[in-house]
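Visitor: show me how the following folds:
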Amino acid sequence: MTMNHKILDLKLKSLITACKQTGNYRKLAVVGFTLVSNIIDEIALKLGTRPRKKEKGESVLRYVHMVNEIFEKNLSVQIFHDEVIETIKEVELLFHSNRGDLPIDYTKKILEVYYELRKVDVLNVYKGLSGEGYYDDSNLHLFSTGIKGRKESSSKFKPIILQKIGEQERMLQKRLNHQLDQGDLERVILLKKMRQGLDNERGIAMQGTLKDSLSYQQNPSFIIKFMFIGIALLSLFLSIIIIAEIFLYPLTIPPLSNLLLIFLGVIAVIILLYKNMFREK
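Guide: This is a model prediction of the structure:
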């Protein structure tokens, strides 16, 4: 535990004591939510992702989903676990709608999330790429001749190397999805770089930074999700207007009923497509 964390913990204990005496936990809720928001921003920035667009009202929940999507797409690794996401989902909307006032149970949950996130061990993705010291750890040194670019050996050992890399990746992904560790995260990025080099029929050049080995573009499916939601909401809004018109002016039932059925059909189709396309794996 760093000195800064020790000082912060002492301040939090003092604040909890004061809140217990007054019976007002609003300030503790505000501090807890701010700490969670800040540590999520810090983790994401260390991992090389863009800053959260606070000025545009980007929520913590949406930002967390964005970071997860990037690393699931690149490495099949979940940075923020489901328990953390679920708590943020429960707390964030309530926190903003109540202007920082949370029930004590939710305040406890958000503080638990903060201390859980403090355990997250992230690497410096701006660090230079280097495979040194990793081949021995992973037994890939057995095939180092093929890995380092000699064409004859590369073609001969390529299937074995790819199999070995795949085994190492799956083992590391399993460990990382259980507990994030900067050493394992660096290794899985290096393995991805190796596999891409072999797949593209070229030698593996350990150049640039770890960040260069990741794509920080959002998956197109993320945009499609919001497009579907937007169309469904627009159709629902227009359906409500039509229903109101029918109630106010019964004579409009014949011309508007078909239009209402179309919009309701659009909503049903969107829901079915959304469920089929974005069903959780």
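Visitor: poorly predicted segments of the stretch 51-200 of the chain, please.
Guide: 124, 126-157, 199-200 (pLDDT under 70).
Visitor: if we go to 80?
Guide: 121-164, 182, 193-200 (pLDDT under 80).
Visitor: which stretches in it count as helices?
Guide: For the stretch 51-200 of the chain, applying DSSP state H, counting those that start in this stretch gives helices covering 60-75, 82-97, 104-117, 134-138, 144-147, 151-178, 182-199.
Visitor: who wins for proximity to Tyr25 among these?
Guide: With distances scored as Cβ to Cβ, the stretch of those nearest to Tyr25 is helix 104-117 (5.4 Å). Heads up, the C-betas are built off the backbone N, CA and C, glycines and all.
Visitor: can you give the contact residues for the closest one?
Guide: Residues outside helix 104-117 that contact it (Cβ atoms under 8 Å, 6 or more residues apart in numbering): 12, 25, 28-29, 32-33, 35-36, 39-40, 43, 83-84, 87-88, 90-91, 94-95, 102.
Visitor: same deal with stretch 72-88?
Guide: 36, 40, 43, 47, 60-61, 64-65, 67-68, 71, 109-110, 112-113, 116-117, 120, 169, 173, 176-177, 180, 185, 188-189, 192, 214-215, 219.
Visitor: distance between that stretch and the chain's centre?
Guide: Centroid separation for stretch 72-88 versus its chain: 5 Å, with Cα atoms, centre = their mean, to the nearest Å.
Visitor: go on, stretch 246-265?
Guide: On Cα atoms, centre = their mean, the centre of stretch 246-265 falls 42 Å from the chain's centre.
Visitor: got it, and stretch 169-181?
Guide: That offset, for stretch 169-181, works out to 15 Å (Cα atoms, centre = their mean).
Visitor: try stretch 34-50
Guide: 11 Å.
Visitor: with just CA atoms, put it into PDB.
Guide: C-alpha atoms of stretch 34-50 as PDB (Å, rounded to 0.1, in the frame of the first residue of the first chain):
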ATOM      1  CA  THR A  34     -15.800  10.100  -7.100                       C
ATOM      2  CA  LEU A  35     -13.100   7.700  -6.000                       C
ATOM      3  CA  VAL A  36     -14.500   5.000  -8.200                       C
ATOM      4  CA  SER A  37     -14.900   7.300 -11.200                       C
ATOM      5  CA  ASN A  38     -11.300   8.600 -10.800                       C
ATOM      6  CA  ILE A  39      -9.700   5.100 -10.400                       C
ATOM      7  CA  ILE A  40     -11.600   3.800 -13.500                       C
ATOM      8  CA  ASP A  41     -10.300   6.800 -15.500                       C
ATOM      9  CA  GLU A  42      -6.800   6.100 -14.200                       C
ATOM     10  CA  ILE A  43      -6.900   2.400 -15.100                       C
ATOM     11  CA  ALA A  44      -8.200   3.100 -18.600                       C
ATOM     12  CA  LEU A  45      -5.600   5.800 -19.300                       C
ATOM     13  CA  LYS A  46      -2.800   3.600 -18.100                       C
ATOM     14  CA  LEU A  47      -4.100   1.000 -20.600                       C
ATOM     15  CA  GLY A  48      -3.800   3.500 -23.400                       C
ATOM     16  CA  THR A  49      -7.500   4.200 -23.900                       C
ATOM     17  CA  ARG A  50      -8.900   7.700 -24.600                       C
END
